[in-house]
Structures are given as structure tokens and as C-alpha cells.
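Asks: How does the following fold in three dimensions:
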Amino acid sequence: MDKLTKQLYIDKKTFVRIFKENWERYKKLCGCRKVEDENVQRLLGCGDPKNGFIQLRCTNCGEKKIIPFSCKSRLCPSCTHIQLQERIMKIKSIMIKGVGHRHVVLTTPKELWGYFLKDRHLLNVMADTGAELIKDILSFYRKEGIEPGIILIIQTAGRALNFNPHLHLLITEGGLGRDEKWHSLSYISQDLLGRKWKYFLFTRLKGYLLKNQRTKKLIDTLFKEKPLLITYCKKEKKRKIDIVGYLVKYVISPPISYRRILEYKNDEVIFRYREREGAKNKVKKLTVLGFIHLLVQHIPEENQKMIHYYGLYARHQAKKLKRIVEGLVRCFNQEGWEAEQEKLLAEILSFPTTYRERIKLTFNKDPCICSVCGEEMVTERIVGPGGCIIFDIYETDYFEDITNMEDEDAQSFQKEKEQEESPRYHQLLLPTM
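Replies: Have a look, this model is predicted:
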């Protein structure tokens with residue numbers, strides 16, 4: 001089976017077919033949220049010109065080419081890849097250069113997972129609680145009080161696609177003090193973090209969960225039975241992966257890639273997963289409706305933010321404080337600041353910002369070059385969903401401008417020719433005696 005999992009996996013057409021053949025049946029039997037149905041409908045219409053397209057035309061041979069709009073569905077790995085790269089670059093540009101960032105993970109007990117699934121607002125409550133915890137931990141080590149930078153990412157998917165809400169945080173190793181000086185902090189006790197996280201989370205949830213005897217008893221039982229909650233905050237000597245890309249991927253993209261789905265056959269889906277990092281692959285077989293349920297449950301509610309910024313990275317003060325902090329950091333770590341700044345600039349300059357650049361980078365092929373004659377094609381028409389015309393080249397001055405340019409070139413050529421034929425021109429070229 002290990003050999004099988006390395007070689008075989010489905011493609012996008014098969015992935016879309018899973019939803020196309022079973023989504024209506026799933027809605028009737030299981031029901032769905034509005035946001036789930038919207039994202040599935042977008043996925044089913046991915047690549048369909050009815051949902052909008054750009055039409056290119058070769059002015060040399062007349063060849064036509066249609067490029068459909070992206071579906072922007074959270075379930076489409078290929079279309080979300082664009083949003084993923086843009087969000088990664090945005091976060092990297094916000095992060096303070098020359099300062100170390102610690103990756104912290106805060107988990108929740110499985111007895112509470114069902115409450116988060118039913119009430120998605122609790123995810124935001126958990127996020128705010130996590131940020132308060134970090135500030136409290138840092139104030140424990142720095143009595144004078146410091147303001148850290150916190151980028152917090154809410155993730156709901158476990159490795160086996162189960163609903164497992166937890167937090168990933170990138171926090172600055174230190175913070176800005178009230179004296180407007182930078183105070184470094186490189187040590188955080190994992191035991192202290194786990195104990196405080198238990199207290200902060202259970203205390204906060206007590207005020208939001210249904211106030212009945214059952215939930216009260218559950219929280220009290222968890223308080224007694226769990227000395228601490230599982231957390232992670234170790235310092236990595238050398239980061240093997242791009243941590244920003246790794247964390248954001250599971251928020252923007254679907255919780256599973258095509259490569260992990262091995263087979264769709266006879267109303268059953270087989271996929272692989274790992275229980276933990278470095279473990280061997282496990283294979284799981286589910287009914288197709290069960291598989292769909294595991295995927296759509298991770299779609300957040302409309303306008304629900306899964307990436308939060310606190311402290312130095314809070315939106316209302318991020319730019320101002322970043323200039324202040326980086327000015328302080330450069331006083332003692334100029335080389336580190338310059339290295340990170342150069343790395344970011346290199347990534348920004350190499351980052352493809354248009355559809356044309358992305359296709360050239362990925363497939364080494366220019367989509368705007370005519371496949372028949374090799375000339376560059378122009379945008380003839382942009383059509384939105386439902387057939388509404390957004391742009392039409394024939395309603396602009398494009399061809400009139402082209403004609404004027406050709407006339408000007410012809411006049412300039414004629415003038416140069418007349419000058420070359422004139423006696424005065426040849427006289428000026430003769431060497432002086």
C-alpha cells in the first residue's frame with residue numbers, strides 16, 4: 001500500500017466529479033450551511049465561461065482564445081493557490097525584520113470540539129483568548145510590561161480531516177516597552193504555557209457556552225482532570241520550512257490536496273494521512289458523503305476572519321510601530337535586518353502579480369502569444385458572470401490609435417527618405433577639405 005500511495009492520486013476533474021455527482025444528495029440527506037453551498041457551486045462552475053472570461057484576439061491572423069475567470073472557491077486547490085501566495089507575501093511584508101519569531105501552538109480538548117463546530121463565533125473567542133495569554137506570559141517574564149507582535153491563525157482541520165480547532169501563533173521574541181526600547185525574550189516555559197492556557201480558555205468559555213448543568217459540569221471536570229493543555233513553543237535552531245506559507249496554507253486552501261486522495265470509486269473515497277509529523281502514511285476509506293462532510297465543515301462562515309493581528313501587528317498601529325521597532329532593532333542587529341530585508345525584496349520582485357506572469361513561471365509558456373502565428377494577442381473583450389460586458393476593445397479608441405501611430409510612422413519614414421535624397425544631406429556628409 002505504501003508503494004501505491006506514492007504513485008497514484010486523483011486529478012482536479014475527479015475531485016470536482018465527487019461533488020458534481022453527490023452534492024445534491026448530500027444536501028437532501030445531511031443539510032448544509034449557505035456558505036458551504038456557495039463554495040461548492042463555485043467549484044462546480046470552475047473553468048466555465050458562463051461565470052466570466054477574458055477573450056484574447058490575435059490582430060495578425062485572427063486567432064481567438066478564451067480564459068475563464070477563477071472560481072474563488074475555498075474548495076478549489078488550483079484557484080486558491082493565487083490567494084495563498086498573495087496572503088503569504090502580505091504577512092511577510094508586515095513582519096518586523098531583524099527580530100526572531102517564535103511558533104506557538106495552542107490546542108483544545110476533544111470534549112469541546114463539538115461546541116466550536118456548532119457555534120463558529122467561539123473560534124474568535126478562542127483567538128482573542130490566545131492573544132491575551134501570550135501578553136500575560138510575556139508580562140510574567142518582563143514585569144515592566146512589553147507589547148509583542150502577534151500573528152494568530154485559526155485552524156480547524158486535523159490530519160485525518162476531523163474537526164480539531166487549534167491556534168497557531170507567530171510571536172516576536174520580545175516586545176516594545178513603555179520606555180520605547182526593545183526588550184528581547186527568548187525563553188518561554190512550555191509547562192507554564194500549558195497551565196495558563198487551560199485556565200484562560202476554560203474561564204473564558206464558561207461565559208460563552210450554554211449555562212446549563214451539563215456544560216458547567218463538563219468545564220469543571222476538565223479543570224480537574226487536565227493539569228494542562230497540549231501546547232508547543234520550542235525554539236527552532238534552523239527552520240526547515242517556510243513557516244508562514246505552512247500556516248496560511250491550511251486557512252486559504254482546502255484541508256486536503258489531490259495527492260492525498262488515492263481513489264474515488266463505488267461511492268467511496270480513499271485518502272492517506274499521517275497522525276503526526278514523521279509518522280508513516282495511514283490509509284482511510286470513507287463513503288463519499290462522509291468525505292464531503294469532512295471537507296465542507298472546515299469552510300468558515302462568510303466574513304469570518306481566520307487570521308488575526310494583535311499588539312505591534314494590530315492593523316490600526318502596525319505601520320507606525322514597525323518603523324519605530326525596526327529603527328531600534330537596527331541599532332543592535334543591522335546585519336540581520338539587512339539580510340531579511342534583501343530576502344523580502346527578492347521575493348517581492350520575483351513574485352508574479354499577473355495571470356500572464358504566473359503561467360509563464362509555472363508552465364514556461366506565454367498565454368498571450370498566438371499559438372498559430374506567434375504574435376502577441378490583445379485583450380478583445382472581458383465578460384462578467386451572466387454575460388455582462390465589462391470591456392470591449394471595439395468600443396475604445398484602440399484601433400484609431402493604432403491607425404494614427406501607423407500614419408505617424410509612415411510620415412516620419414517619408415520625411416527621412418526625402419532628407420536622405422536631398423543634395424544638402426549628401427553635402428553635409430562629405431568630408432571637409
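Asks: pLDDT weak spots in the chain?
Replies: The model of the chain has pLDDT under 70 over residues 1-7, 236-241, 278, 397-433.
Asks: center of it - which residue?
Replies: Taking CA atoms, centre = their mean, the centroid of the chain lies closest to residue 84, which sits 2.6 Å from it.
Asks: That one should be in a helix, yeah?
Replies: Yes. Residue assignment for residue 84, taken from DSSP: H, G, I helix; E, B strand; the rest coil, places it within a helix.
Asks: Give me the distance between it and residue 257.
Replies: When CB to CB, to the nearest Å is applied, the distance between residue 84 and residue 257 equals 12 Å. Where you see a C-beta, it was placed from the backbone N, CA and C, and this is true even at glycine.
Asks: Repeat that for residue 75.
Replies: In this structure, residue 75 and residue 257 are 12 Å apart, going by CB to CB.
Asks: Looking at those two, which has the bigger crowd around it?
Replies: Just comparing residue 75 and residue 257: by other CB atoms under 10 Å the higher neighbour count belongs to residue 75, 26 against 13.
Asks: OK, contacts around that one?
Replies: 19, 39, 40, 42, 43, 254, 295, 296, 299 (CB atoms under 8 Å, 6 or more residues apart in numbering).
Asks: can you pull the alpha-carbon coordinates of the strand or helix carrying residue 214 into CSV?
Replies: Assigned by DSSP states H and E, residue 214 belongs to helix 213-225. These are the backbone C-alpha positions of helix 213-225, laid out as CSV (Å, rounded to 0.1, in the frame of the first residue of the first chain):
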residue,chain,number,x,y,z
GLN,A,213,-25.8,21.9,34.3
ARG,A,214,-24.2,19.7,31.6
THR,A,215,-21.8,22.3,30.2
LYS,A,216,-20.9,23.6,33.7
LYS,A,217,-20.2,20.0,34.8
LEU,A,218,-18.0,19.4,31.7
ILE,A,219,-15.9,22.5,32.3
ASP,A,220,-15.4,21.7,36.0
THR,A,221,-14.5,18.1,35.1
LEU,A,222,-11.9,19.3,32.5
PHE,A,223,-10.4,21.7,35.1
LYS,A,224,-9.9,18.8,37.5
GLU,A,225,-8.8,16.1,35.1
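Asks: Could you name the helices and strands sitting against the helix or strand just after that helix?
Replies: Scanning the chain past helix 213-225 towards its C-terminal end, the next helix or strand to appear is strand 231-232 (assignment: DSSP H and E). In terms of contact count using 3 or more CB pairs under 8 Å, 6 or more residues apart in numbering; DSSP states H and E, strand 231-232 is assigned the packing partners strand 101-106, helix 190-206.
Asks: okay, these, which one's buried deepest?
Replies: Comparing the helices and strands packed on strand 231-232 by mean neighbour count (mean count of other CB atoms under 10 Å), strand 101-106 ranks first with a mean of 20.
Asks: Send me that strand as CSV with only the CA atoms.
Replies: The C-alpha atoms that make up strand 101-106 are tabulated as CSV, following Å, rounded to 0.1, in the frame of the first residue of the first chain:
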residue,chain,number,x,y,z
HIS,A,101,9.6,35.0,15.7
ARG,A,102,8.5,32.0,17.8
HIS,A,103,6.0,29.5,16.5
VAL,A,104,3.4,28.7,19.2
VAL,A,105,0.6,26.1,19.0
LEU,A,106,-2.4,26.1,21.4
